[in-house]
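Colleague: one predicted model, sequence on top.
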Amino acid sequence: MSRMLAEIREQPEALARTLAGAAPAVARLRRALEKRRPRLVVLVARGTSDNAALFGRYLIEITTGIPVSLAAPSITTLYGAKLDYRDTLVVALSQSGESTDTNLVLQRARERGALTLGITNERASTLAGLAEHVLLVRAGAEKSVAATKTYTGQLLLLYLLASVLGGSLRPGDLERLPGAVEAALRLEAEIGALSERYRFMRQTVVVGRGLNYANAFEFSLKLMETCYVVAERFSPADLLHGPIALVEQGFPVFAFAPPGATWGSISEVLGKLRRVGAEIVAITDSGNPHVAGCATKVIRLPRKLKEALTPIPYIVPAQLFSAYLAVQKGLDPDRPRTLNKVTANL
């Protein structure tokens with residue numbers, strides 16, 4: 001069994017630990033934000049953490065009304081721009097806490113007036129030392145190069161950050177997320193069997209929108225780094241504005257299809273993809289019975305979920321699929337070629 005697969009299975013416990021251990025740091029952050037309420041939030045990250053940040057942008061803007069920007073690190077690291085960060089909360093996300101460009105952006109932002117927060121899995125990391133406030137993912141050591149349990153841990157902490165910023169999120173809902181992930185893991189045998197069909201897949205498209213748009217990026221990243229599949233990710237609107245032309249008979253498409261605000265546009269694009277003969281695998285839950293008419297195969301989580309809570313449990317089938325597909329292709333998902341666990345760049 002790969003380390004990646006073992007770490008995917010650890011997520012219910014990792015999420016429960018992260019949630020239980022966050023209370024003191026969340027309380028300190030709440031007091032700081034009551035004194036320095038930000039007018040802008042800037043999120044800075046790379047790789048999988050950048051996909052988590054993309055989720056954070058949607059979540060914070062939707063639930064709090066505070067504008068959120070995703071930082072472009074090269075503006076600081078290469079061009080040396082001196083940005084005015086007054087009245088801004090700058091949040092750096094890094095699994096290891098040792099991403100050099102992420103840390104430099106956080107350091108410069110603090111020097112120029114920002115309130116700073118680090119979200120990391122490593123208590124003793126450089127990032128944890130640079131940030132004024134730290135929220136820890138308590139996932140334990142993540143040894144596979146492909147991040148899984150730290151991604152969902154980061155999403156969970158972004159829910160807590162949104163709540164501290166005034167978002168309408170109920171603690172009881174977050175407490176149910178480990179159980180929802182455990183339910184998703186019960187689909188492992190079904191997903192493992194499905195992966196065999198895609199053993200020779202070389203390219204694909206992943207579709208997601210709104211709160212699951214980040215999951216489209218994360219699923220694509222996992223397929224690229226562990227299975228060497230060229231995976232493009234699109235919102236339905238972006239796919240319809242040109243790239244849908246590359247889809248033909250039998251072309252594989254994966255889609256996150258929750259019930260709620262995004263279903264109308266997701267169903268529209270899935271209908272068009274189905275009419276051109278695409279082979280569509282949709283990830284959804286028992287709250288959306290309409291997906292079956294739009295997809296070739298449905299991975300259906302057994303629990304009915306609020307759309308706002310779907311991103312964490314929905315990524316689990318995607319992680320499992322990637323881990324199993326890598327093995328189907330004769331690859332080691334723990335050691336992708338040319339990749340290391342920590343990437344240092346400026």
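Modeller: Noted; the coordinates are in hand. Numbering: from 1, shown residues only.

Colleague: and the residue nearest the centre of the chain, what does it touch?
Modeller: When Cα atoms, centre = their mean is applied to the chain, the residue found nearest the centroid is A52 (4.0 Å). Shown in contact with A52 (Cβ atoms under 8 Å, 6 or more residues apart in numbering): 45, 93, 151, 154-155, 158, 214, 218. (Glycine included, C-beta is placed from N, CA and C.)

Colleague: at 6 Å instead, please
Modeller: Residues in contact with A52, defined by Cβ atoms under 6 Å, 6 or more residues apart in numbering, are 93, 151, 154-155.

Colleague: now, among those, which is nearest to E232?
Modeller: Taking Cβ to Cβ as the measure, E232 lies nearest Y151 of these, at 19.7 Å.

Colleague: let me know the pLDDT of the closest one.
Modeller: According to the model's per-residue confidence, Y151 sits at a pLDDT of 98.

Colleague: could you say what helices and strands the host helix or strand of it packs with?
Modeller: When elements are defined using DSSP states H and E, Y151 is found to belong to helix 149-164. If you count contacts as 3 or more Cβ pairs under 6 Å, 6 or more residues apart in numbering; DSSP states H and E, helix 149-164 packs onto helix 11-21, helix 23-35, helix 47-64, helix 311-328.

Colleague: ok, which stretches of the stretch 201-346 of the chain are helices?
Modeller: 213-227, 236-240, 263-275, 311-328 (DSSP state H, counting those that start in this stretch).

Colleague: out of those helices, flag the one nearest T338.
Modeller: Judging these by Cβ to Cβ, what sits closest to T338 is helix 213-227, at 9.7 Å.

Colleague: who does the closest one touch, helix- and strand-wise?
Modeller: Counting contacts by 3+ Cβ pairs under 6 Å, 6+ apart, the secondary-structure elements packed against helix 213-227 are helix 47-64, strand 203-207, strand 230-234, helix 311-328.

Colleague: a markdown table for these, including distance to V269 and mean pLDDT?
Modeller: Formatted as a markdown table, the helices and strands packed on helix 213-227 follow (distance: least, Cβ to Cβ, whole Å; pLDDT from 0 to 100):
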| stretch | distance to V269 | mean pLDDT |
| --- | --- | --- |
| helix 47-64 | 18 | 97 |
| strand 203-207 | 6 | 97 |
| strand 230-234 | 9 | 97 |
| helix 311-328 | 17 | 98 |
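
Colleague: the protein - how does it break down into domains?
Modeller: With automatic domain parsing serving as the domain definition, the record reports that the chain contains domains spanning 3-175, 186-328.

Colleague: now do G118 against S163, distance only.
Modeller: Relative to S163, G118 is positioned 18 Å away (Cβ to Cβ, to the nearest Å).

Colleague: need the helices and strands packed on helix 149-164 in a markdown table (columns: distance to R112).
Modeller: Listed next are the helices and strands packed on helix 149-164 as a markdown table, based on distance: least, Cβ to Cβ, whole Å:
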| stretch | distance to R112 |
| --- | --- |
| helix 11-21 | 30 |
| helix 23-35 | 18 |
| helix 47-64 | 20 |
| helix 311-328 | 32 |
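
Colleague: any idea which of those is most buried?
Modeller: Most buried of these by mean neighbour count (mean count of other Cβ atoms under 10 Å) is helix 311-328; its value is a mean of 26.

Colleague: for I283, which non-adjacent residue is closest in space?
Modeller: Closest residue to I283 in three dimensions, ignoring its sequence neighbours and counting by Cβ to Cβ, 6 or more residues apart in numbering: I299, at 4.9 Å.

Colleague: could you export stretch 73-81 as PDB, CA atoms only?
Modeller: Only the C-alpha atoms of stretch 73-81 are listed here, as PDB (Å, rounded to 0.1, in the frame of the first residue of the first chain):
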ATOM      1  CA  PRO A  73       4.800  36.100  -5.000                       C
ATOM      2  CA  SER A  74       7.000  37.300  -7.900                       C
ATOM      3  CA  ILE A  75       5.700  40.800  -7.400                       C
ATOM      4  CA  THR A  76       7.700  40.800  -4.200                       C
ATOM      5  CA  THR A  77      10.400  38.200  -4.800                       C
ATOM      6  CA  LEU A  78      11.500  39.300  -8.300                       C
ATOM      7  CA  TYR A  79      10.200  42.800  -8.800                       C
ATOM      8  CA  GLY A  80      10.700  44.000  -5.300                       C
ATOM      9  CA  ALA A  81       7.300  45.900  -5.300                       C
END
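
Colleague: thanks a lot, catch you later.
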